[in-house]
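J.: Sequence first, then the predicted structure, then my questions.
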Amino acid sequence: MRKVISLIIAGVGGQGNVKAAQILGLAALKAGLDAVVSDVFGISQRGGAVISHVKIGEKVHGPLVAEHDADVVVGLEPMEALRAALKFAKPSCLILMNKRVIPPIEVSIGFYKYPPFDDLVKVLKQLAKVVIALDFSELAEKAGLPVATNIAMLGGLAATKILPINVNVLREAVKEGVPRAVEQNLTAFDLGFDAVAQVINR
């Protein structure tokens, strides 16, 4: 096991990336590992960018992931995934991205146009070793809980096996981290896991 794995979870306010980061930290502690979770907010309202830094390992120092040192970037929104990857992804990085677009405030006010999705993916593939892009929002909807996109993505992350944490420990952390609507959240987690596992095993 590498000593420390550094993750960036990027999204917009209201998508639950802070909760996802907290669940990862909880899972790490349950697995007997050290973990540090820090959140950096843009406009701290729904629609503003939010980046969570998560460091997991035997012994973790410092609260933030250094630039170009992230092993994993989880993007709950495509543009936010790109922004995070440009700043934090290392060449060996794994990027897990939700396909569902939430236009940033700058797009909503006409400051710029949202780029084509395929162009975003093309750039991400130049920045990282592996890029997995799926509609995790659709999986959350299938689970009966549209707000569980973040949990579906945690399931997808578990399927990559990049985390030094057993999938059952992660599921337990989901149960504790989101005690309301537990069954729907676990279903979202499992759907995310299965979807990414299918991509990896193609």
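T.: Structure's in. What do you need?
J.: Report the next helix or strand after the lowest-mean-pLDDT helix or strand in the chain in sequence order.
T.: Least confident helix or strand of the chain, by mean pLDDT, DSSP states H and E, is helix 105-108 with a mean of 74. Once helix 105-108 ends, the next helix or strand along the chain (criterion: DSSP states H and E) is helix 117-127.
J.: Going by neighbour count, which residues of that following helix are buried?
T.: L120, V121, L124, L127 (16 or more other Cβ atoms under 10 Å). (Each C-beta comes from the backbone N, C-alpha and C, glycine too.)
J.: How about stretch 80-94?
T.: Neighbour-count burial for stretch 80-94 flags E80, A81, L82, R83, A84, A85, F88, A89, K90, C93, L94 (criterion: 16+ other Cβ under 10 Å).
J.: And N168, how far from V174?
T.: Per Cβ to Cβ, to the nearest Å, N168 is found 11 Å from V174.
J.: For the two, indicate the residue with more neighbours.
T.: Shown here are N168 and V174; by other Cβ atoms under 10 Å, V174 has more neighbours (25 against 11).
J.: which is the next helix or strand following the helix or strand hosting the more buried one?
T.: Element membership of V174, judged by DSSP H and E, is helix 167-177. Using DSSP H and E, the helix or strand that follows helix 167-177 in sequence is helix 182-200.
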